[in-house]
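Enquirer: Coordinates only, no sequence provided:
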């Protein structure tokens, strides 16, 4: 029963957050908790593990498709493969497409906070920025 209640609470939290991650775990816990409750099982730890497993499978299978359908646009996982515009933040960070990144720059470039810059594609955990011409 507790797993079912926790699943419902996680689903309610998903409504507030809107990340599409908690949805799957909440559904998995609800299914697992409901089945365990219907069978009269007291094994809440096993129900929780099974529910989280169900949630992981559901997330891998459906997250991207549901997000695309609800948001009405194609979701791209490789968003750092294209050049774009970002904003310099304090502490050697640049905000780019909703995330802050550490950046590398040319030695001659100096940036001010809130300055708009070009962010180039990268394959590391840092991005390369240059001044807007």
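Expert: Thanks, I have the structure now. No experiment lies behind these values; they were computed from the predicted model shown.
Enquirer: so how far is the lengthiest helix in the chain off the chain centroid?
Expert: Within the chain, and with DSSP state H defining each element, the longest helix by residue count is helix 44-71. Between the mean C-alpha point of helix 44-71 and the mean C-alpha point of its chain there is a distance of 13 Å (Cα atoms, centre = their mean, to the nearest Å).
Enquirer: and residue 112, what does it touch?
Expert: Shown in contact with residue 112 (Cβ atoms under 8 Å, 6 or more residues apart in numbering): residue 88. (C-beta placed from N, C-alpha, C; glycine too.)
Enquirer: Over to it. Which of the three states is it?
Expert: On the three-state scheme (DSSP: H, G, I helix; E, B strand; the rest coil), residue 112 is labelled coil.
Enquirer: and if you look at residue 41?
Expert: Applying three-state DSSP: residue 41 is coil.
Enquirer: That one reaches residue 48, doesn't it?
Expert: No. With contact defined as Cβ atoms under 8 Å, residue 41 does not count as touching residue 48 (11.6 Å).
Enquirer: Would you mind telling me which of these two has the busier surroundings?
Expert: Between residue 41 and residue 48, residue 48 has the larger neighbour count (other Cβ atoms under 10 Å), namely 19 against 15.
Enquirer: pretty sure that one contacts residue 3?
Expert: Yes. With contacts counted by Cβ under 8 Å, residue 48 reaches residue 3, the gap being 5.3 Å.
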